[in-house]
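Q: Structure for this input, please:
(chains A and B)
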Amino acid sequence: MLPGVLSSACPEVRAAGPDDLVAGVAPRFVARPASVDEAAAVMRAAADEGLAVLPRGSGTRLAWGCPPARCDLVIDTRDLNQVLEHAAGDLVVRVQAGVGLDALAATLARAGQRLALDPPAAQPPSPHHGGPAANGSGAGTIGGLLATGVAGPLRLRYGTPRDLAIGITVVRADGTVASSGGKVVKNVAGYDLGKLFAGSYGTLGLIVAAAFRLHPLPAATAFVTLEVPDADAAQAAVAAAAQSPLAPSAAEIDRPSRGAPVRVGVLLEGDPEGVAERCARLTGLLGDGAAASPRPPAWWGRGAAAEPDGTVIRIGFWAGALAHVLAAVDAAASDAGLDPLVGGSAAAGVIHAAVGQDAPAPAAAVARFVDGLRAALRGPSVAPAAAAELAGAVSRPSRLGWAAGASPPPAVSAPPAVSAPPAPPATAPSPADAPPSWASAVVLHAPAEVRAGVDPWGPVPSLGLMRAVKAQFDPEHRMAPGRFAGGI
Amino acid sequence: MTARLTEAGAPGGTAVEALIPAMSEICGADGVLSDPLQLATYECDGLTSHRCSPGLVVLPTTAEQVAAVVAACARAKIPFVARGSGTGLSGGALPRADGVLIVTSKMRRIIAIDAASRRAIVEPGVTNLSVSKAAEPYGLFYAPDPSSQVVCSVGGNVAENSGGAHCLKHGFTVHHVTGLQIVTPDGELTWLGDGTGAAPGYDLVGAFTGSEGTLGIVTKIIVKLTRIPEAVTTLLAAFAAMGAGGAAVSAIIGSGILPGAIEMMDALAIEAAEAAVACRYPEGAGAVLIVELDGPAGDVERETAAVRAICEGEGAYEIRAAHDAAERAAIWTGRKSAFAAVGRISPAYIVQDGVVPRTALGEVLDRIAELSAASGIRVANVFHAGDGNLHPLVLFDDATPGAEAAAEVVSGQILDLCIEHGGSITGEHGVGMDKSRYMPKMFGPGDLDTMQLLRCAFDPAGLCNPGKIFPTPRLCGEVPGVRREPHPLVASGQVDQF
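A: Numbers count the residues shown, from 1 in each chain, chains lettered A, B, ... in the order given. So this is what the prediction gives:
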């Protein structure tokens, strides 16, 4: 039975159906507001009725995070679908939350521009994994992009949604509409709520609109690819690209199984002449076996992060520890009897591991893998190398960089030998000077039986402050309760 | 100003003075200043029009000392303000007479540089430029480069989300900070983020950066380091008038080129720079444009040629190019000295900081000229043209009664213009004490109330740099919405109430 306040708030309200499950949890109602005013009215009505609210775009990543502890009302944002302003001369766009990324990309491309974020075009999970069957596919919506903070290979150069969002409008749990930032790129007036809402999984409020910085579409792109035998060689190749002066837009790895060769791919973008030049230099730098193509390799953007089924784990780490992180993945997986697909933005320090994507993996094994991986990531091997050790990198560029593989071609200058003062005599940071961890493993999505035995988020720094933030924005805990880190 | 001083710090010396023994215990006797003459040297930051002697100054050397100082303040309900090098331009580090000023300039260790991960861990008192100097042997630098980078501190940069001339391409402080150790306003040491930029949970690093010292005090910073570009070219183009220079800026951006920096100065700013540092910019210029291109050598060479052609096409009558550090410095001399140089042509001036969409630059500059003509108050324009960040310098003679007030009016009208055109009241200097009164013009009550929810989460007692950013503090006790019965999961004992 629909509460009257809901239907008077928004004409598009209905009882939820079997396609509206959120990670296996059945909501009671679905509202589909077509304006910010309607969205605010729906949120006020939900507050009046004490309803737990879950924002939903196209549902692409609805299976991410924990299942909601309660879910009465799904707010479907897809009718908030207006591109409010595309100021092409200012390289800025303002859009409503329900605008699809594909549709937005098409609009921007007409002006030769893009939002430089390329999250994997994930398929919605199969119904037996608890997701909505066919609410949508493709890249998702602006609201979902912000709420999950998802990014793809371009994160190396352009960052994640929080880096490109310059303004945001949200509806708070009590129905208050609030904006921060604006539509100019340079702006430090007030707190930046866009940062807070990026990656907040709907737990702080309903995102209804955002403004983004845009970039020109590159006139040319090239992919330099290389297959290397192991993790050390992969790290050397990735480091050589990332520390080169060739301004790569992305540097990715992909490894289909343990012991398989690691594929390395580097994206170069720019004007055709520059890309051709840099492509030739990078191919030389990476040595034998490196090849260039204007088209992405088949695995680009389709690796572990894009797997719709099974368990997908996002691993964040200090990029210099790539080989150690891969070793940690292997040790934990081997111990659990699993063989994950691994890959991602190695140069940016974010990779993904997928298990059970083709045939279900035993839940206990996945839990063992996640626990083992987290334990290894708390160990010293992933801590940053001491500067003292790396000081050798100046004359002998790096055990991971220039000196590895082939010697750099003369066209590429090594980091300049400069008359700067010597690097400070630093050592590895002492525990007192270091964050509690150098790496993390977050389960983005997993089958229900796996979720039951694993904390998807793992240890979270400053959880007390996060809970305080949640308590301020949503004191009644009605916004996507239980979805987020630490039970938030 | 007097009214504001009273507001910032009612007489309350005794309560602060009572903290001296505890503070000396924490920071050592030489880490506590209470002599009025010493205190007076901290009475303002880079915004000298607001002054207030702090009740007490402490100079901690470790994060643990900062935590102990803040905890002592919190227990005694004494407000506290953090200060780095004191170069801020919005009064964000303006002390309180009834409070403690916590100066982080003795905390200047560069703790680690991980070249392979392109990260450094530094203490808040480390100067901006020294991070780049320490990273240089590895072929890396720290990209945000506020013009005060020789002296300004990384801790202050985090508080202000500092930019700089090169943020057009390389981004602001918030794009280069991946982890922060902070002391919360109740005196607890904690880490936000882990240096990866991918830590689980809310992005408190992003929310904290640019919070102007109101959410806590930063005690360690993990920064991203960037590969030193292979080539850098700096072009200086002289135009007869501002309109032509502005057209060149639009054409450069429209061509898809993203320079490291695009700076512009008008005739009055050039005149001042010429008088102060003899920068020898082309004679008779109504506007000069400085365009800096950085990146791979081949790309920079082609972009330089393209920018040259665009400037010529828009009527540049002289173009100079710098290819080495000395030539580059010669071009930048005039621009970098512009603020101080205005002192040569005017006894006093206000440095304004506003932002407009780049495409509105021409119209807004025309309107500023009209404001100047109508009021008879001269305005020199220096700005980061690439991102529409204006720094109008409003000139006045402080010996003339009423001149400062009249200049303040023009300065405020310029901010109104920025808001009217969809811009911002501050692009990089911050709101601080100076601009809190303009916040309601840019944001509605719901916006300001919502921002302050974050403040209440971090600093419910309102002791951490109070009175900055927001014109009206929110009472953190008032919870939005209607309180209801406990959450069912709490009631059933399944979860804790957060």
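Q: show me the residues around A:A348 that make contact.
A: A:R155, A:L156, A:A251, A:A319, B:G197 (C-beta atoms under 8 Å, 6 or more residues apart in numbering or on different chains). Glycine gets a C-beta too; all of them are placed from N, C-alpha and C.
Q: can you check B:R474 too?
A: B:D449, B:Q452, B:L453, B:R455, B:C456.
Q: can you do 7 Å?
A: Counting by C-beta atoms under 7 Å, 6 or more residues apart in numbering or on different chains, B:R474 touches B:D449, B:Q452, B:R455, B:C456.
Q: Then A:I315?
A: Per C-beta under 7 Å, 6+ apart, neighbours of A:I315: A:V325, A:I351, A:H352, A:A353, A:A439, A:A441.
Q: Go back to the residues you listed and keep what's next to chain B.
A: A:A439 (C-beta under 7 Å from any C-beta of the partner chain).
Q: just checking, which of the contacts of A:I315 belong to strands?
A: By the criterion of DSSP state E, membership of these in strands covers A:I351, A:H352, A:A353, A:A441.
Q: Chain B contacts on the stretch 1-150 of chain A?
A: A:A47, A:G50, A:A69, A:A87, A:G89, A:D90.
Q: sorry, back to before: tell me which two of the contacts of A:I315 sit farthest apart.
A: Based on C-beta to C-beta, the longest span within those runs between A:H352 and A:A439 and measures 13.5 Å.
Q: With neighbour numbers in mind, choose between these two.
A: A:A439 (27 against 22; other C-beta atoms under 10 Å in any protein chain shown).
Q: That one contacts A:V382, correct?
A: Yes: proximity of A:A439 to A:V382 meets the contact threshold set by C-beta atoms under 7 Å, at 4.7 Å.
Q: who touches both of those two?
A: A:F317, A:V325.
Q: Show me how chain B divides into domains.
A: When chain B is parsed with automatic domain parsing, its domains come out as B:2-103, B:110-227, B:230-338.
Q: export those to JSON lines and tack on mean neighbour count and distance to chain A?
A: Formatted as JSON lines, the domains of chain B follow (neighbours: other C-beta atoms under 10 Å in any protein chain shown; distance: least, C-beta to the nearest C-beta, whole Å):
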{"stretch": "domain B:2-103", "mean neighbour count": "20", "distance to chain A": "8"}
{"stretch": "domain B:110-227", "mean neighbour count": "25", "distance to chain A": "2"}
{"stretch": "domain B:230-338", "mean neighbour count": "20", "distance to chain A": "4"}
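Q: nearest to A:Q472, of the ones you listed?
A: Nearest of these (C-beta to C-beta): domain B:110-227, 11.7 Å.
Q: Show the average pLDDT along that closest one.
A: The average pLDDT within domain B:110-227 is 96.
Q: Quick check: end-to-end length of it?
A: Distance across domain B:110-227, first residue to last, is 19 Å (C-alpha to C-alpha, to the nearest Å).
Q: circling back to that earlier point, please narrow the contacts of B:R474 to those residing in strands.
A: Taking DSSP E, every one of those sits outside strands.
Q: of these, list those near chain A.
A: B:C456.
Q: Which members of the contacts of B:R474 occur in helices, if any?
A: B:D449, B:Q452, B:R455, B:C456 (DSSP state H).
Q: just checking, B:I469 touches B:S436?
A: Yes: using C-beta under 7 Å, B:I469 makes contact with B:S436 at a distance of 5.8 Å.
Q: the more surrounded of those two?
A: B:I469 (27 against 20).
Q: Figure out the helix or strand that that one lives in.
A: In the assignment (DSSP states H and E), B:I469 maps to no helix and no strand.
Q: how far away is it from chain A?
A: Per C-beta to the nearest C-beta, to the nearest Å, B:I469 is found 7 Å from chain A.
Q: B:A380 falls within a strand, correct?
A: Yes: under DSSP: H, G, I helix; E, B strand; the rest coil, B:A380 sits within a strand.
Q: and it, how far is that from B:E271?
A: To B:E271, B:A380 is 8 Å away according to C-beta to C-beta, to the nearest Å.
Q: Could you list the low-confidence segments of the chain?
A: Since no chain was named, I'll use chain A. In the predicted model of chain A, residues A:1, A:122-138, A:385-428 satisfy pLDDT under 70.
Q: not quite, I wanted chain B
A: Using pLDDT under 70, chain B drops low at B:1-13, B:477-498.
Q: so what's the nearest residue to A:G464 once chain neighbours are set aside up against?
A: On the basis of C-beta to C-beta, 6 or more residues apart in numbering or on different chains, the spatially nearest residue to A:G464 that is not a chain neighbour turns out to be B:T190, at 7.7 Å. B:T190 makes contacts with A:S462, A:L465, B:I182, B:T184, as judged by C-beta under 7 Å, 6+ apart.
Q: mind giving me CSV with those and columns for distance to A:Q472 and secondary structure?
A: Listed next are these as CSV, based on distance: C-beta to C-beta, whole Å; DSSP: H, G, I helix; E, B strand; the rest coil:
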residue, distance to A:Q472, secondary structure
A:S462, 15, coil
A:L465, 11, helix
B:I182, 18, strand
B:T184, 15, coil
